[in-house]
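Peer 1: Okay, predicted coordinates and the sequence, questions at the end:
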Amino acid sequence: MNLLNDCGDDLNDDQNSLPDHHQTNNDRTTSNITSQTQQQQQQQQQSQMINQLQQKQQSLRNSTIVAMSNLLAANIESGLMRSIALGYHRDPQTRAAFMEVLTQILQQGTEFDTLAETVLADRFERLVELVTMIGDKGELPIAMALANVVSPQYM
């Protein structure tokens, strides 16, 4: 009888140890699921942050393009001269942004026809200023130099 009791006790011990093993597996599974959920939440947060940064960057880009368009439209002569180099910039995004600026200016109807006329008028005005510049002693040095060099028939 002792032998049967001993066998029965061993059987009970084996049955009692099985739920502990299953409990350990359940704890591991729960831990893995929790870890995966946390990773997914972190990935979602990161993707949300990336989306927000991209939206802010796009907003900044659009605002910059609008600002440059307004500046160029307000003073097309000097603005275009200073910013034309952006059309040849190494960075393709900078070139694309400059093209957008030019496109917006053209869509706004800025007149480029008067640009050539105004530039020529400004050049002639500057030339007259130089020729009629008064020196320290009240003379016109450039006009006098031209008078000494150029023959009267070409004046």
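Peer 2: Cool, got the structure.
Peer 1: Now do the helix or strand where residue 78 lies: which elements does it pack against?
Peer 2: Here residue 78, judged by DSSP states H and E, is contained in helix 76-83. Judged by 3 or more C-beta pairs under 8 Å, 6 or more residues apart in numbering; DSSP states H and E, helix 76-83 is in contact with helix 2-74, helix 92-108, helix 113-131. Where you see a C-beta, it was placed from the backbone N, CA and C, and this is true even at glycine.
Peer 1: quick one: buried residues of that helix?
Peer 2: 76, 79 (16 or more other C-beta atoms under 10 Å).
Peer 1: Can you get me a residue count around residue 98?
Peer 2: Neighbourhood size, residue 98 [other C-beta atoms under 10 Å]: 20.
Peer 1: quick one: the nearest residue to it once chain neighbours are set aside from residue 73, how far?
Peer 2: With sequence-adjacent residues excluded and distances taken as C-beta to C-beta, 6 or more residues apart in numbering, residue 98 is closest to residue 86, at 4.1 Å. Applying C-beta to C-beta, to the nearest Å, the value for residue 86 to residue 73 is 16 Å.
Peer 1: now do residue 102
Peer 2: To residue 73, residue 102 is 11 Å away according to C-beta to C-beta.
Peer 1: what about these two, which has more around it?
Peer 2: Using other C-beta under 10 Å, the more surrounded residue of residue 102 and residue 73 is residue 102, with 18 against 15.
Peer 1: Can you check what angle separates the helix holding residue 78 from helix 113-131?
Peer 2: Counting by axes from the mean of the first three to the mean of the last three C-alpha atoms, to 10 degrees, helix 76-83 points 90 degrees away from the direction of helix 113-131.
Peer 1: can you offset everything so residue one is 731?
Peer 2: Okay, residue one is now 731; in that scheme the one you just asked about reads as helix 806-813.
Peer 1: mean confidence for helix 806-813?
Peer 2: Regarding helix 806-813, the rounded mean pLDDT is 76.
Peer 1: per-domain residue ranges of the chain.
Peer 2: Here the domain parsing of the chain from automatic domain parsing is 732-840, 843-885.
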